[in-house]
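1. Show me how the following folds:
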Amino acid sequence: MNYDSTARSAWVTVLIVYTVIHLSLTFPLFSPIAEPVWDAANFVFPSFTFLADSLRDWRLPLWDPTTNCGDPFHADPNHFVLSPIAWVLALVVDSPLLGVKLFWYLHWWLGGATMIWLSRSFGANLPGGLVAALSYAFCGFFVGNAASTPLIVFAGWLPLIFGLADRAVARRSLGSAFLAAAVFGFSAIDGGYPGLVIMGGIAIALWLGLRYLPPLTDTQADPLRTRIGWVAGVLILMAAVLALAWAPYLNAYFSETVAINDRAMALDRMVATDNNPFTLKGLLSLWYPFSTIIYSNFSMLFNGVNWMGSDIAFVNVYLGMATLPLCWVWWRHGNGRKPTWLVVFLLTMFLVSLGSSGGLRTLIYYLIPPTRYIRYNGALRIFWLFPLCLAAGMGLTFAFRNLQARQTLLRAFIFWAVAAVLIGTVIVWYPQSSGFPLDLYLPSLLMPGAAVLIPLLVSVWLWSRGKETKANGLVLLIVLLVVADLGGHLYTNLITVWCNGCSELASLEKRFHRQSTVSYGEPGARFPINSTGQLNLNQIRKVGVVRGYSLLTSHDYNVLSESRYLEVLRAPFRFWLAPGVERAPSRSEALAILGLAGMAAPLPLFVDAPTGLPAARYIPGSFGSVRMQRYASDDIQLEVTVPGTAHAFLASSERYAPGWKVWVDGKPQKNWKVNVFFRGTIIPPGKHSVVWRYEPAHWWPLVILSGTTIIACIGLSVYFCRRGHLLCC
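-> The predicted structure is shown next:
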């Protein structure tokens, strides 16, 4: 890898300039009337609020009692339960809404900041590093998937992960190898989307293999055996550290969610490979990014048919009008051999992002079992977008140094401009000829490309004439046009990023923020479904809903919650006594019987094994006494009185999970799964104190192992860097 000799202070200046530009373009995000949209609003903001309020109650939230009659909150990495960054913001920032914005923004900014470091490592000059950073931070992935915070989290760390792994092999640096592993593991516990983390490991393996192993390697500095050893060693180290760092989440997901949802199992091949892929039609967004919106069902174009063939979040790939021509310059004028390895990497990851239509995603599904859990294939386009941004920075670097490279850039840009005009003509003519009122969308559809096309073309033409006295000024002009271009992209497609003039979340926060996660007495009846739609208002208000917005869903539970059994789930009490239970029939039969049961008639209680209790059905609340003393997310205290001389069964409408433990008068008892989804236990006659606590197996030891692994890797990185007198980052 070639390293630029520019002083480190100059690169700090580039970082500062990038930060100022990034803040200038995104500052409305921090306005009181600008709020996240879609998943960031409906899912991330409420869960972040629940995390913040739980931490202020001096507990790490492992269980969410408000969603779906109970949900293993800690088993979903998208809740940021183990993210130190989320912890700090949740505790320090009084407003969870502002905390979410800062969490989102820091990772968004981090993407460009780490791209500056990566481009410098590859030998880019200062303007090239800035263009690479801006192209990446405001590309179609960050803008299109802005509402999917976990995707942004991983994308923010991605250039640093790849760059450190690359440096470890290139320089035979143990320090870089351990730091790459640490950052990779941290990206997973920081809340990075698991599908991107899994595919990220595969992409890193492909990157290192193509770059350092025959026949496409662009470096022959070390013997083949040495390069194979380092590539394999770095990959094994990163995989091992990821497994250890991710261990708490993996254990929780596969042990606690089995009884909760259908997603603990691998996805069907068609679901895994066909769900929301990037489509070839999305390539229109290389010139006109608003096409991803106007040609989706969002605008009801073509009678509501989603012509793009995928969700609008997964088809935007805009990189700026200058990026692809700059990439061509690197290909034609890079030092030494052409970067064929990078082209192969790009094409491979492009085919993977197409889902089953590209073929490779299906092959990977069968060959690599963890990829059977990935469902958003369009998100995988980040693995071919980020190398293009890097290549653009390198292309600008070579154009700055070489007149012939500038002339190549001019020819490439003329071709790109002609293509933009032809494609623009077609996408304007066709909808109008079909009777669609395109005039309502026309300015947005052609922006920002149409606005910067001619100024960029003129600037590149002047630059290619070879007058060195004006070169610096023209480069500055080109960089400013790139800023305007990418800023225009952000605001043209703002609908996928944030909502201007919105204050719903702020209003909810003002009304319900800082509500305790602990209540004394019955927590009250659940709502059937959130009145705010997908927004998990229940996590903000700390009130239960039978159906909330959760990734951990179960088809059978959803059906049951829409049946007459909803009366039981909405009862004003969560626990009740019955003198007996019944051995459960088949699952389908049990669900059919329960679907017809309500509160007005004796209720069946089905368990999976003999209990020694008689078969009996009682109306909930008509037998014995159950008094709620304390109700917290992971700790419930009851006072139970069983009449007569026989044992009884304490049933509930609280969801079952293996991590729930129960004690009667301080003695542990069995946690029984009752009525397919819920939990209960056997109580002896008389008056008793019953305590339920959520203590998932191995959670805290694995959390300690995870944190210790990452800290140890960072420590080893520092040790090896100092020992070898190498600067690793």
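2. For the chain, which helix extends over the most residues?
-> Longest helix of the chain, by residue count under DSSP state H: helix 224-256.
3. what's that helix packed up against?
-> helix 149-171, helix 174-189, helix 194-212, helix 699-724 (3 or more Cβ pairs under 8 Å, 6 or more residues apart in numbering; DSSP states H and E). (C-beta placed from N, C-alpha, C; glycine too.)
4. Need these in CSV (columns: distance to L363).
-> Converted to CSV, the helices and strands packed on helix 224-256 look like this (distance: least, Cβ to Cβ, whole Å):
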stretch, distance to L363
helix 149-171, 23
helix 174-189, 24
helix 194-212, 12
helix 699-724, 32
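5. Relative to P455, which of those helices is closest?
-> Of all the helices and strands packed on helix 224-256, it is helix 149-171 that lies closest to P455, at 28.7 Å by Cβ to Cβ.
6. mind listing what's buried in the longest helix of the chain?
-> Within helix 224-256, the residues scored as buried using 16 or more other Cβ atoms under 10 Å are 227, 230-231, 234-235, 237-238, 241-242, 244-253, 255-256.
7. got it, and stretch 529-547?
-> By 16+ other Cβ under 10 Å, the buried positions in stretch 529-547 come out as 529-530, 532, 535-547.
8. Specify which member of those residues is nearest to E589.
-> Closest to E589, out of all of the buried residues of stretch 529-547 and judged by Cβ to Cβ, is V546, at 22.5 Å.
9. surely that closest one meets R526?
-> Yes. The criterion here is Cβ atoms under 8 Å, and V546 meets it with R526 at 5.2 Å.
10. Find the residues that touch each one of those two.
-> Common neighbours of V546 and R526, counting by Cβ atoms under 8 Å, 6 or more residues apart in numbering, are C69, L569, R570.
11. In the sheet, which residues pair with the residue lying closest to the first one once chain neighbours are set aside? Tell me.
-> Think C69. Using Cβ to Cβ, 6 or more residues apart in numbering and skipping the chain neighbours, the partner closest in space to C69 is R655 (4.8 Å). Beta bridges link R655 to F678 when assigned by DSSP bridges.
12. Confirm for me that R655 is in contact with V676.
-> No. Counting by Cβ under 8 Å, R655 sits too far from V676 to count as a contact (10.4 Å).
13. ok, those two, which is more surrounded?
-> It is R655, of R655 and V676, that has more neighbours when counted by other Cβ atoms under 10 Å, with 23 against 19.
14. Show the pLDDT at the more buried one.
-> pLDDT, R655: 95.
15. Can you say which of the helices and strands packed on helix 224-256 is nearest to S285?
-> helix 149-171 (17.0 Å).
16. Render the CA-only coordinates of the closest one in CSV, please.
-> Presented in CSV, the C-alpha positions along helix 149-171 are these (Å, rounded to 0.1, in the frame of the first residue of the first chain):
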residue,chain,number,x,y,z
THR,A,149,-30.0,3.2,12.0
PRO,A,150,-28.3,-0.2,12.4
LEU,A,151,-27.3,-0.1,8.7
ILE,A,152,-25.7,3.3,9.2
VAL,A,153,-23.9,2.1,12.3
PHE,A,154,-22.0,-0.6,10.4
ALA,A,155,-21.5,1.6,7.3
GLY,A,156,-19.8,4.1,9.6
TRP,A,157,-17.2,1.6,10.7
LEU,A,158,-16.8,-0.2,7.4
PRO,A,159,-13.9,1.8,5.8
LEU,A,160,-11.8,1.5,9.0
ILE,A,161,-12.4,-2.3,9.2
PHE,A,162,-11.4,-2.9,5.6
GLY,A,163,-8.5,-0.5,5.8
LEU,A,164,-7.0,-2.0,9.0
ALA,A,165,-7.4,-5.6,7.7
ASP,A,166,-5.7,-4.5,4.4
ARG,A,167,-2.9,-2.8,6.2
ALA,A,168,-2.4,-5.8,8.5
VAL,A,169,-1.6,-8.0,5.4
ALA,A,170,0.2,-5.3,3.4
ARG,A,171,2.6,-4.4,6.2
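17. Now do it: which elements does it pack against?
-> helix 96-121, helix 140-144, helix 174-189, helix 194-212, helix 224-256, helix 382-401.
18. how does this protein divide into domains?
-> Listed by automatic domain parsing, the domain ranges of the chain are 8-500+706-724, 573-697.
19. Could you pull up the contacting residues of E504?
-> Counting by Cβ under 8 Å, 6+ apart, E504 makes contact with E35.
20. one step back: could you tell me the least trusted of the domains of the chain?
-> domain 8-500+706-724 (a mean of 90).
21. measure the residue nearest in space to the middle of the chain to F80 for me?
-> Centroid check for the chain by Cα atoms, centre = their mean gives P150 as the closest residue, at 2.1 Å. Computed with Cβ to Cβ, to the nearest Å, the distance linking P150 and F80 is 8 Å.
22. Name the residues contacting each of these two.
-> In contact with both P150 and F80: G191, using Cβ under 8 Å, 6+ apart.
23. which parts of stretch 572-580 are buried?
-> F573, R574, F575, W576, L577, A578, P579, G580.
24. So which of those is the closest to G355?
-> Checking the buried residues of stretch 572-580 against G355 by Cβ to Cβ gives R574 as the nearest, at 43.0 Å.
25. Now for that closest one: which residues touch it?
-> Contacts of R574 (Cβ under 8 Å, 6+ apart): E522, P523, M628, Y631, S652, S653, E654.
26. could you redo the last one with a cut-off of 7 Å?
-> Going by Cβ atoms under 7 Å, 6 or more residues apart in numbering, R574 touches S652, S653, E654.
27. So the first one is in contact with T681, correct?
-> No. With contacts defined as Cβ atoms under 7 Å, S652 does not count as touching T681, sitting 9.1 Å away.
28. joint contacts of these two?
-> What both S652 and T681 touch, as defined by Cβ under 7 Å, 6+ apart, is an empty set.
29. Report the secondary structure element holding the residue lying closest to P523 once chain neighbours are set aside.
-> Of all residues not flanking P523 in the chain, Y631 sits nearest, at 4.8 Å (Cβ to Cβ, 6+ apart). Using DSSP states H and E, Y631 maps to strand 625-632.
30. Roughly how far does the closest residue to W307 other than its chain neighbours sit from I427?
-> Spatial nearest neighbour of W307, excluding adjacent residues (Cβ to Cβ, 6+ apart): Y295 at 4.6 Å. Using Cβ to Cβ, Y295 is found at 8 Å from I427.
31. These two: who's more crowded?
-> Y295 (26 against 19).
32. L505: what's it in contact with?
-> L505 neighbours (Cβ under 7 Å, 6+ apart): E35, A41, F45, L97.
33. which of those residues tops the neighbour count?
-> Using other Cβ under 10 Å as the neighbour criterion, F45 leads these with 27 neighbours.
34. Count the neighbours of the nearest residue to that one once chain neighbours are set aside for me.
-> Among residues not flanking F45 along the chain, V100 sits closest, at 5.1 Å (Cβ to Cβ, 6+ apart). V100 has 28 neighbours, counted by other Cβ under 10 Å.
35. Surely V100 and F43 touch.
-> No. Using Cβ under 7 Å, V100 makes no contact with F43, being 10.6 Å away.
36. quick one: the helix or strand that contains Y557 to chain centroid distance?
-> Taking DSSP H and E as the definition, Y557 sits inside helix 555-561. Centroid separation between helix 555-561 and its chain, computed with Cα atoms, centre = their mean, to the nearest Å, is 26 Å.
37. contacting residues for P96?
-> So P96 contacts F45, F48, T49, A52, E509, H513 (Cβ under 7 Å, 6+ apart).
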